[in-house]
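Chemist: Pasting the sequence and the predicted model now:
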There are 2 protein chains.
Amino acid sequence: MEKVLVKLKEVYPLSGAALGKLIAKLQALSLPKGYILVREGTVANKLYFMEKGIARSFCYKDGKEITFWFGAEGSFISSYNGYIANKPGYGTIELLEDCILFSIDQASMQALFQTDLELANWGRKLAELELIKTEQLLISQLFKTAHEKYQDLLAENPGLLQRVQLGHIASYLGVTQVTLSRIRTKMK
Amino acid sequence: MEKVLVKLKEVYPLSGAALGKLIAKLQALSLPKGYILVREGTVANKLYFMEKGIARSFCYKDGKEITFWFGAEGSFISSYNGYIANKPGYGTIELLEDCILFSIDQASMQALFQTDLELANWGRKLAELELIKTEQLLISQLFKTAHEKYQDLLAENPGLLQRVQLGHIASYLGVTQVTLSRIRTKMK
DNA sequence: GCTTTCTTTTAACAAATGTTAAAAAGTAGT
DNA sequence: ACTACTTTTTAACATTTGTTAAAAGAAAGC
């Protein structure tokens, strides 16, 4: 229970009491590589924290999988459409390695938000931070070429390539695996 | 002061008292077409509400403008990087028509969040709703062709075409204006 | 060590999109 | 109605990316 504590506090400063309430609701999970944490189209109202391992979110498009998100150690993971809006999520979340996760269900979260000002602000800050991260992803998706996005990925997250198949990364960059392979060849 | 009231309440149910505190901080603005609400690279820590009119956010890429967002009546508008993280925003926000807006500055907002549980939850809900909207945009950007995205835009927001130049819409869809023109021709 | 299977690269061709420039259509002001 | 200006469409060609299939390489099981 190392990283999760650090990251929970990083989101928004919490008193010991508030942090304790949050931690009390956490459930530890140890799940194997290949495990489907959330299945597309189901309402999954849990928030996860990745303590160890890596996961991805993907959708199906014409029978092919398109990865739109990776979450490694220190990431919050959720089908936000389920967690936030109680609606079916549009992605499947798959574990790409054996993982240790912590989960908290939305109902417990809501109960805390309704009664604790600090935690309500913690929840606000979490959503805000995820929002600017997502907006940043959207913008780079819109105005960078696959080549640039690949270079950015290399710079920001060099370890990812050693842990994730190129096919997943290709769809994440918005291109086919063949195109990504061509990009890599050019960069040698 | 019609739409703003409805939308503020839609985000999260508020008591009269809490709503009153929020409204007390609102400033009405009437600004002309072409006005730059936020300039790229500056820290703009205000949240706006569009009462009447329409705006866009855009970045420069190789000297060309790329629009990544439109906000018409009923939209919340902000450089979230400034409003949330107090960092320079990556987009310029330009008014595309004469607009009536309401603004509230981040400091006032923070003060309310720190003292009022209802408003802290209101702020949380606002960020959460913006998050799932942005995530939806990102996914459609990743796994839809320009043709599909244009059709979606027509279906979801038919009025936009009458109010916004095609060049802006083209960059929003992630293609050049020439390509959008070709798509439109094919659809006739 | 040798299959067997999965992943990545390469090749050849087709389709889509970008680039540049010109033409056409639409607007606004006089 | 005319001009000046802006926006949209069209055309021709270059470039990029997609598609399909095969080859090469890497990993896993026996």
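Modeler: Okay, I see it. Residues are numbered from 1 along each chain as shown, chains lettered A, B, ... in the order given.

Chemist: any idea which helix is longest in chain A?
Modeler: Longest helix in chain A by number of residues (criterion: DSSP state H): helix A:117-143.

Chemist: So it, near chain B or not?
Modeler: Yes - applying CB under 8 Å from any CB of the partner chain, one finds helix A:117-143 in contact with chain B at A:117, A:120-121, A:123-124, A:127-132, A:134-139, A:141-143. All C-beta atoms are positioned from the backbone trio N, CA, C, and that covers glycine.

Chemist: number of nearby residues for the residue of chain A found nearest DNA strand D?
Modeler: Of all residues in chain A, A:Thr179 sits closest to DNA strand D, at 3.2 Å by CB to the nearest atom of the strand. Burial of A:Thr179 is recorded as 15 neighbouring residues (other CB atoms under 10 Å in any protein chain shown).

Chemist: who's in contact with it?
Modeler: A:146, A:170 (CB atoms under 8 Å, 6 or more residues apart in numbering or on different chains).

Chemist: how about it, phi and psi?
Modeler: For A:Thr179, the backbone dihedrals (degrees, to the nearest 10) come out as phi -60, psi -40.

Chemist: Report pLDDT for it.
Modeler: Predicted confidence (pLDDT) for A:Thr179: 95.

Chemist: and if you look at A:Arg163?
Modeler: pLDDT, read off for A:Arg163, is 92.

Chemist: these two touch, right, it and A:Glu73?
Modeler: No - contact criterion CB atoms under 8 Å: A:Arg163 and A:Glu73 do not qualify, at 10.7 Å.

Chemist: And those two? Which one has more around it.
Modeler: Between A:Arg163 and A:Glu73, counted using other CB under 10 Å, the more crowded position is A:Glu73 (17 against 13).

Chemist: what's near enough to touch the more buried one?
Modeler: By CB under 8 Å, 6+ apart, A:Glu73 lies in contact with A:3, A:50-54.

Chemist: Mind listing the shared neighbours of A:Arg163 and A:Glu73?
Modeler: With CB under 8 Å, 6+ apart, A:Arg163 and A:Glu73 have common neighbours A:Ile54.

Chemist: Near A:Val38, how many other residues are there?
Modeler: Number of residues near A:Val38 (other CB under 10 Å) recorded here: 22.

Chemist: now it, which residues is it bridged with?
Modeler: A:Val38 has these beta-bridge partners by DSSP bridges: A:Ile93.

Chemist: If I look at it, what pLDDT would I see?
Modeler: Looking at A:Val38, its pLDDT is 92.

Chemist: repeat for A:Gly41
Modeler: pLDDT, the model's per-residue confidence, is 89 for A:Gly41.

Chemist: wait, is it part of a helix?
Modeler: No - counting by DSSP: H, G, I helix; E, B strand; the rest coil, A:Gly41 is not part of a helix but coil.

Chemist: ok, the closest residue in space to it that isn't next to it in sequence - how many residues close by?
Modeler: Excluding its sequence neighbours, the residue lying closest to A:Gly41 (CB to CB, 6 or more residues apart in numbering or on different chains) is A:Pro88, at 4.9 Å. Neighbour count of A:Pro88, defined by other CB under 10 Å: 14.

Chemist: quick one: A:Pro88 and A:Val43 touch, right?
Modeler: Yes - at 5.5 Å, A:Pro88 counts as touching A:Val43 under the criterion of CB under 8 Å.

Chemist: Now for these two: what residues contact both?
Modeler: A:Gly82.

Chemist: quick revisit: say whether DNA strand C is contacted by the helix or strand following the longest helix of chain A.
Modeler: Sequence order places helix A:146-156 as the next helix or strand after helix A:117-143, per DSSP states H and E. No - remark: helix A:146-156 sits outside contact range of DNA strand C, by CB under 7 Å from any atom of the strand, the gap being at least 11.1 Å.

Chemist: Which strands and helices lie in contact with helix A:146-156?
Modeler: On a contact count with 3 or more CB pairs under 8 Å, 6 or more residues apart in numbering or on different chains; DSSP states H and E, helix A:146-156 meets helix A:117-143, helix A:160-163, helix A:166-173, helix A:177-187.

Chemist: In the third one, which residues have enough neighbours to count as buried?
Modeler: By that I understand helix A:166-173. A:168-173 (16 or more other CB atoms under 10 Å in any protein chain shown).

Chemist: What parts of chain A come near DNA strand D?
Modeler: Contact residues (CB under 7 Å from any atom of the strand) of chain A with DNA strand D: A:145-147, A:174-176, A:178-179, A:182-183.
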